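**Student:** heads up, no residue letters with this:
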C-alpha cells in the first residue's frame, strides 16, 4: 500500500509539472508556437512520458476544467436520491466551487492561469466548449439514472440545459485577474442559483407521475404534497 501511494503521488507530481510547464510556455511564447517536446523538456521528462498523461497539448491546456467536470459528476452521483435534479446539480456545482475556494495559493494561481489562457486562445475556447457539450451529455445520463428514466427523457434534458445556462451565468463576468476570483465565483453562483430556484415552482423537475422514492416529497401543481 505504501509503494502504491508513493507511485500515485509521484504520478500526481509529474502531471502537475507538465501542466505548469505547459501553462508557462503557452503564456511566454503562445499556444500555437509551443510543442509537446518543449513542454516535456521544461518538465524534465521525455515526450513519451508526456503522452502517458496527455494525448495532445490541447488536453494539457484544458486539463484543469476537465478535472472540475469529473468532480462535478462524482458529486452529483453522490447526492441523495430524494433530491430533485436541479437541486442536486446545484449542490454538486457548489462542491466544485468549494474545492476551488479551499485550494492553496499555488493551485489558485494555476487555475487562474489556465482560465486566462483558455479565454484568450480561440482554439482552446472552442475545444473547451466542445468538451462542455460532452460533459452536459454525461450530466443528462447521470440525472436520467437517478430518476429512473431513459436518457432521451425531455424533462431531464431541459433540467440539465437550464442548469448549465444558470451555472454559465454564475461563472461569467468574474475578472480573471481578481485575486479573490474563487470567492467572487462562489457568491455569484449562489446568487444566480437562488434567483433560478425562486423563479421555479418546487417540484417542476420531478413531476408527480414519476415513481416516488423513499423519503421523497414532491409538490404537485395543485399544491398537494405526495410521498
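**Tutor:** Great, that's in hand. What you see is a predicted model, and the numbers here were worked out from it, not measured in a lab.
**Student:** tell me how the chain divides into domains.
**Tutor:** 2-56, 62-207 (automatic domain parsing).
**Student:** which of those domains comes out lowest on mean pLDDT?
**Tutor:** Lowest mean pLDDT within the domains of the chain: domain 62-207, at a mean of 88.
**Student:** re the thing from before, in JSON lines: the domains of the chain, plus mean neighbour count.
**Tutor:** The C-beta positions use only the backbone N, C-alpha and C, and glycine is treated the same way. Shown next, in JSON lines, are these (neighbours: other Cβ atoms under 10 Å):
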{"stretch": "domain 2-56", "mean neighbour count": "15"}
{"stretch": "domain 62-207", "mean neighbour count": "16"}
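**Student:** helices or strands up against the longest helix seen in the chain?
**Tutor:** Secondary structure assigned by DSSP state H gives helix 2-29 as the longest helix of the chain. Applying 3 or more Cβ pairs under 8 Å, 6 or more residues apart in numbering; DSSP states H and E, we find helix 2-29 packed against helix 36-42, helix 47-53, helix 57-61, helix 63-78, helix 105-120.
**Student:** one more time with 7 Å
**Tutor:** Applying 3 or more Cβ pairs under 7 Å, 6 or more residues apart in numbering; DSSP states H and E, one finds that helix 2-29 contacts helix 36-42, helix 47-53, helix 57-61, helix 105-120.
**Student:** closest to residue 76 out of those helices?
**Tutor:** Residue 76 lies closest to helix 105-120 among the helices and strands packed on helix 2-29, at 20.9 Å (Cβ to Cβ).
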